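Visitor: Sequence plus predicted model, see below.
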Amino acid sequence: MLLDVIDLDKLRRAILYLAITLLTLLVQELLLSRVRFFGIRALILPLLPVMLSLLQGPWWGMIFGLITGILADATFAETKVLFTILLPLIGFLTAAAERFLISRRPVAVFAASVAALLLTALAQALRVLVLFDGEALPLLRVAALQTLWSVPFIFVLYFPCKALAERNLD
Amino acid sequence: MSFRKFARHYGLRILAAVLAAVLVALAGAHLLKGRAGVVSNTAGVIKAPLQSAVSGVVDWFESLYGYIYEYDKLVAENESLRSQLAAAQEEARLGAADREENAHLRELLNLREQHSDFVFESARVVNWNSSNWASAFTLSKGANADIDVGMPVVTEAGILVGQVSEVGDNWATVRTVIDVETNVGVLVGEAGNAAMAVGDFALMQTGRSKIYHLTEGTSLLEKDVVLTSGRGGAFPQGLVVGYIESVLTEAGGQMPYGVLRPAVDLDSLSQVFVIKEFVVVE
């Protein structure tokens, strides 16, 4: 009876995506916090809602964007709600773009991912600009380098997400 | 012809031939001094490659056995040496860690003697914040060790590192003195001019922060030492923060500011001390 109600494929998929999310957070927190490129660290968390929105479906992107955002705000010292708002929004915007504008081809996933990385970096810069009266140029420099340094990780996340999205888990 | 007739007719001749052959063989052996005869030699020529092949295989198996036997011995010896090396390294590492901790504690003892009102909690730096927009790290202790938000964090030499900004049961986040959210009341130079050390995003990227001079009629000088003023009660008085590296002027204005270089290399921190209690000087 219960098995008729629960879609085991979706449940297994959700568990696996949750595992990917937690692994991504661990990599962000434990590994990327120690690796700097021109003094700047990569930020890979915004890639998750993009991948899931385009490869699995809009709701997946938004829900896992929310989960990732809550966990990210709990992890980062300086933010309390920024990622909780921003990452589901990225999931939504990606889904909307996919509905009306872009395809699901790899090049579209890449373009949407770069846009999400840049949007996140600019939102972080805006926070410092508004709250702490930071100078625009250093903020833009850090935002640009953070985006650039995070781009290679698009390929790292794309293939496992794509493989999972295309696999039948029944 | 029956056998009896055959033996009778040829018997003596056959016996004579055999005896002759034996005699020739004995004589030949004596003359060749150990060399094989034609038959033996032919048989030997045919058998030799086979023997060689079999011998080669046997030798290979024997050498393989020997190799395995020797390899096992070498592996066992290697493992034994490795364990001895690991034990020696562990001993050396513990010795080094003990020496480092002793040095920290000796420095801390001096600090305790200077500030008998301080109650310290030692903690390890377990992780740095992975964001580019803040300068913060995580400690190995939290509320379970009575660490609370706002407590100052120093090195064993009493150099201010930052302030606890968030606390969990067994962890705490510390914002460093160069973080954009940092504001510390300080005294600058020998005259002890009051000023504010304020985090600045651009300077944070280079591991520094800003000093705004508050007292009119005084000026900032390079290499001036910067100490906490203790005003406001957030920090104890007299903790070393750093020194003035350079004096600059705000773009488009006449207001000078100092670039504060922390007295400790923040990236190299491994152990710090949270000041849980101190006497507030107003």
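Guide: Here it is on my side, so go on. Numbers count the residues shown, from 1 in each chain, chains lettered A, B, ... in the order given.
Visitor: Tell me the residues of the stretch 101-250 of chain B that contact chain A?
Guide: Residues of the stretch 101-250 of chain B lying close to chain A (CB under 8 Å from any CB of the partner chain) are B:127-134, B:136, B:165-166, B:173, B:175, B:180-181, B:199-202, B:205. Every residue, glycine included, has its C-beta placed from N, CA and C.
Visitor: From those, which land in helices?
Guide: If you go by DSSP state H, those have B:Phe201, B:Ala202 in helices.
Visitor: among the residues of the stretch 101-250 of chain B next to chain A, which ones are buried?
Guide: Buried members of those, counted by 16 or more other CB atoms under 10 Å in any protein chain shown: B:127-134, B:136, B:165-166, B:173, B:175, B:180-181, B:199-202, B:205.
Visitor: Just the ones of those in strands?
Guide: Secondary structure defined by DSSP state E assigns B:Asn127, B:Trp128, B:Ala136, B:Ser165, B:Glu166, B:Thr173, B:Arg175 of those to strands.
Visitor: Show me which residues of chain A are close to chain B?
Guide: Within chain A, the positions near chain B by CB under 8 Å from any CB are A:28-30, A:32-34, A:39-41, A:43, A:75-79, A:124-125, A:127-128, A:132, A:134-135, A:137-139, A:142, A:146.
Visitor: follow-up on the earlier one: and which of the ones in strands among the buried ones among the residues of the stretch 101-250 of chain B next to chain A is nearest chain A?
Guide: Nearest to chain A among those, counting by CB to the nearest CB, is B:Ala136 at 3.8 Å.
Visitor: What about the residue lying closest to the closest one once chain neighbours are set aside, how many residues nearby?
Guide: With CB to CB, 6 or more residues apart in numbering or on different chains as the criterion, B:Ala136 has its nearest non-adjacent residue at 3.8 Å, and that residue is A:Ala77. If you count neighbours by other CB atoms under 10 Å in any protein chain shown, A:Ala77 ends up with 21.
Visitor: show me the contacts for A:Ala77.
Guide: By CB atoms under 8 Å, 6 or more residues apart in numbering or on different chains, A:Ala77 lies in contact with B:Asn129, B:Ser131, B:Ala134, B:Ala136, B:Ser165, B:Glu166, B:Thr173, B:Arg175.
Visitor: Dump those into a markdown table; add distance to B:Ser209 and pLDDT as well.
Guide: Converted to a markdown table, these look like this (distance: CB to CB, whole Å; pLDDT from 0 to 100):
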| residue | distance to B:Ser209 | pLDDT |
| --- | --- | --- |
| B:Asn129 | 16 | 83 |
| B:Ser131 | 17 | 87 |
| B:Ala134 | 13 | 90 |
| B:Ala136 | 14 | 91 |
| B:Ser165 | 16 | 91 |
| B:Glu166 | 20 | 88 |
| B:Thr173 | 18 | 91 |
| B:Arg175 | 11 | 93 |
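Visitor: Point out the ones among the residues of chain A next to chain B that are inside helices.
Guide: Short answer: the residues of chain A next to chain B in helices (DSSP H) are A:Thr75, A:Gln124, A:Ala125, A:Arg127, A:Val128, A:Phe132, A:Leu137, A:Pro138, A:Leu139, A:Val142, A:Gln146.
Visitor: CSV for those residues, including pLDDT and distance to B:Gly192?
Guide: Shown next, in CSV, are these (pLDDT from 0 to 100; distance: CB to CB, whole Å):
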residue, pLDDT, distance to B:Gly192
A:Thr75, 81, 40
A:Gln124, 93, 38
A:Ala125, 93, 37
A:Arg127, 90, 36
A:Val128, 90, 32
A:Phe132, 85, 28
A:Leu137, 90, 35
A:Pro138, 90, 32
A:Leu139, 93, 35
A:Val142, 94, 36
A:Gln146, 94, 41
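Visitor: Nearest to B:Phe235 among the contacts of A:Ala77?
Guide: Comparing these against B:Phe235 with CB to CB places B:Arg175 closest, at 12.8 Å.
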